[in-house]
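Q: Sequence and predicted structure below; questions after.
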Amino acid sequence: MEKVWTILDLITWGKAYFEEKGVDSPRLTMEILIAHVLQKARIQLYTQFDRPLGESELTTLRSMIKRRAAREPLQYILGETDFFGMTLSVTPAVLIPRPETELLVDYVLNRLKKDTSTANENQAETTILDIGTGSGCIALALAKNINASATLYGLDVSDDALALARSNAERNEITNVQFGKIDILEALPKRQFSVIVSNPPYISTTDMNELEPEVGSHEPKVALTDNADGMTFYRRFAEIFPIMLEERGWFAVEMGFGQGVMVEALFADAGFATLVINDFAGIPRICVGSRKLL
Ligand SMILES: C[S@@+](CC[C@H](N)C(=O)[O-])C[C@H]1O[C@@H](n2cnc3c(N)ncnc32)[C@H](O)[C@@H]1O
């Protein structure tokens with residue numbers, strides 16, 4: 001007779017299996033996968049430990065377990081992730097949004113709030129550009145939470161990323177973001193912006209060899225690396241932001257580990273007043289700059 005697999009059997013088996021495969025948080029991972037297949041909240045599994053899974057449920061679960069054991073990120077397997085209170089679809093065409101990036105969104109929202117509280121009545125509409133928008137996470141989180149009238153733009157070089165960003169806007173009923181294709185290393189948008197934000201590809205060729213399999217073997221290379229020293233996009237930004245920002249404009253860009261001093265120096269040399277903000281781990285993570293007003 002075929003073995004009957006209950007929820008508890010599967011949790012116990014999956015925990016041991018994922019442990020052996022070097023997967024992080026093995027029991028939690030298994031619980032999340034089972035809950036996803038059964039379309040239940042994870043907590044509900046605890047009241048149904050003896051529930052057996054049907055053949056088709058087991059088939060779906062088996063394929064998900066196989067993918068996670070091959071170190072594919074859980075978010076790609078589930079097809080979605082949470083970012084700044086929204087649920088966003090993610091596919092291997094885009095970087096999985098990171099918690100550090102929520103810090104960037106938080107900084108920008110707080111600063112905009114202060115700016116509007118001191119702005120004069122004739123202030124033109126705020127325009128915000130997100131360079132390398134990927135899933136659209138930064139532009140969409142800003143659009144959803146901004147308390148001023150604003151138009152947002154998200155650009156990317158990847159058609160697949162742009163298609164996903166547009167569908168994430170729809171999924172979250174956000175209408176004030178426009179997405180478009182531009183290779184920012186080659187071309188410029190035709191207008192200026194009040195605020196520019198970006199989380200660019202910043203991993204150097206050397207550091208690409210050190211990545212966990214979840215990142216290095218599964219996330220898109222175009223989102224991770226500049227195929228050089230990790231500084232290509234910041235050098236380009238220092239060159240183009242003076243042209244792209246309105247007179248009272250400012251920018252906030254995310255940086256990788258150990259890049260803070262170099263990135264800040266690039267922008268300072270380009271004539272910006274700069275500030276570096278640390279992340280939760282105390283690592284310099286965001287460089288902010290505004291034009292020096294004489
Ligand atoms: C680190 S990911 C950031 C994605 C998203 N903003 C986030 O924070 O999760 C960098 C993004 O830049 C895009 N990108 C790479 N090269 C680019 C280029 N030359 N011009 C415009 N976008 C580019 C990638 O496709 C990718 O979506």
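A: Thanks, I have it.
Q: use CA for all of it now, contacts and neighbours both
A: Fine.
Q: contacting residues for the spatially most central residue of the chain?
A: Note on the chain: the residue nearest the mean C-alpha position is Pro97, at 2.2 Å, using C-alpha atoms, centre = their mean. Residues in contact with Pro97 (C-alpha atoms under 8 Å, 6 or more residues apart in numbering) are Thr81, Phe83, Ser135, Cys137.
Q: can you list the residues you listed in CSV and add neighbour count and pLDDT?
A: Putting the contacts of Pro97 into CSV (neighbours: other C-alpha atoms under 10 Å; pLDDT from 0 to 100) gives the following:
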residue, neighbour count, pLDDT
Thr81, 16, 97
Phe83, 18, 98
Ser135, 29, 98
Cys137, 29, 98
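Q: which among these gets closest to Phe280?
A: Distance to Phe280 across the contacts of Pro97 (C-alpha to C-alpha) is lowest for Phe83, with 16.3 Å.
Q: Was I right to think that closest one contacts Ala139?
A: No. The pair Phe83 / Ala139 is not scored as a contact, 11.5 Å apart, by C-alpha atoms under 8 Å.
Q: For the top helix by length along the chain, what does the pLDDT average out to?
A: In the chain, with assignment by DSSP state H, the single longest helix is helix 99-118. Average pLDDT, helix 99-118: 89.
Q: Burial check on Pro74, number of neighbours?
A: That one is not Pro; residue 74 is Leu. By the measure other C-alpha atoms under 10 Å, the count of residues near Leu74 is 18.
Q: What helix or strand is the nearest residue to it once chain neighbours are set aside located in?
A: Leaving out its chain neighbours, the residue that sits closest to Leu74 by C-alpha to C-alpha, 6 or more residues apart in numbering is Arg68, at 6.5 Å. Using DSSP states H and E, Arg68 sits within helix 55-69.
Q: Dump that helix to PDB, restricted to CA.
A: What follows is helix 55-69 as a C-alpha-only set of coordinates in PDB (Å, rounded to 0.1, in the frame of the first residue of the first chain):
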ATOM      1  CA  GLU A  55      -1.600  12.800  -4.900                       C
ATOM      2  CA  SER A  56      -1.800  16.000  -6.900                       C
ATOM      3  CA  GLU A  57      -0.900  18.100  -3.800                       C
ATOM      4  CA  LEU A  58       2.100  15.800  -3.300                       C
ATOM      5  CA  THR A  59       3.200  16.200  -6.900                       C
ATOM      6  CA  THR A  60       3.100  20.000  -6.700                       C
ATOM      7  CA  LEU A  61       5.000  19.900  -3.400                       C
ATOM      8  CA  ARG A  62       7.600  17.500  -4.700                       C
ATOM      9  CA  SER A  63       8.500  19.800  -7.600                       C
ATOM     10  CA  MET A  64       8.800  22.800  -5.200                       C
ATOM     11  CA  ILE A  65      11.000  20.900  -2.800                       C
ATOM     12  CA  LYS A  66      13.200  19.900  -5.700                       C
ATOM     13  CA  ARG A  67      13.600  23.500  -6.800                       C
ATOM     14  CA  ARG A  68      14.400  24.800  -3.200                       C
ATOM     15  CA  ALA A  69      16.900  21.900  -2.700                       C
END
